[in-house]
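1. return atomic coordinates for the entry below.
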Amino acid sequence: MLQAAIVVLLIGILISLAAGFYFFYKDQGRSKRVMYALGVRVTMAVILMVLVFYGLSTGQLNLQTPWNP
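-> Now for the predicted structure:
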């Protein structure tokens, strides 16, 4: 369930990035839609970091690296 939430947030961040790119070229700086897209993207990134930290601290996510057995 936690992994699904992380994937959904990553997809949402990419969609917000594409929307901001589109608004940037369509409006040419005359609208605040780029700033709203940035705000949404930053909010989702903060939620994503909180979820990853929560998953690592509770053991739902684990690091599978050679130096962390």
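
2. contacts and neighbour counts: CA atoms only from here.
-> Will do.

3. spell out the residue ranges of the helices in this protein.
-> Under the criterion DSSP state H, the chain contains helices at 2-27, 33-58.

4. same list (these) but as CSV, adding mean pLDDT and mean neighbour count.
-> Formatted as CSV, the helices of the chain follow (pLDDT from 0 to 100; neighbours: other Cα atoms under 10 Å):
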stretch, mean pLDDT, mean neighbour count
helix 2-27, 93, 15
helix 33-58, 94, 15
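
5. in JSON lines, list these along with distance to residue 66.
-> Shown next, in JSON lines, are the helices of the chain (distance: least, Cα to Cα, whole Å):
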{"stretch": "helix 2-27", "distance to residue 66": "22"}
{"stretch": "helix 33-58", "distance to residue 66": "17"}
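
6. shouldn't residue 23 be in contact with residue 34?
-> Yes: with contacts counted by Cα atoms under 8 Å, residue 23 reaches residue 34, the gap being 5.8 Å.

7. measure the residue lying closest to residue 56 once chain neighbours are set aside to residue 2 for me?
-> Once flanking residues are discounted, residue 56 sits nearest to residue 62: 5.9 Å by Cα to Cα, 6 or more residues apart in numbering. Here the criterion is Cα to Cα, to the nearest Å. By it, residue 62 lies 12 Å from residue 2.

8. same thing with residue 22?
-> Counting by Cα to Cα - residue 22 and residue 2 are separated by 30 Å.

9. ditto for residue 42
-> On the measure of Cα to Cα, residue 42 and residue 2 end up 20 Å apart.

10. before we move on, what about residue 25?
-> According to Cα to Cα, residue 25 and residue 2 sit 35 Å apart.

11. cool, and residue 30?
-> Residue 30 is 39 Å from residue 2, by Cα to Cα.

12. what do you get for residue 56?
-> Distance from residue 56 to residue 2, counting by Cα to Cα: 11 Å.

13. same check, this time on residue 50
-> Taking Cα to Cα, one finds residue 50 at 11 Å from residue 2.

14. and the residue nearest to residue 56, what's its pLDDT?
-> We have a pLDDT of 84 for residue 62.

15. gap between it and residue 53?
-> 11 Å.

16. and if you look at residue 14?
-> Distance from residue 14 to residue 53, by Cα to Cα: 21 Å.
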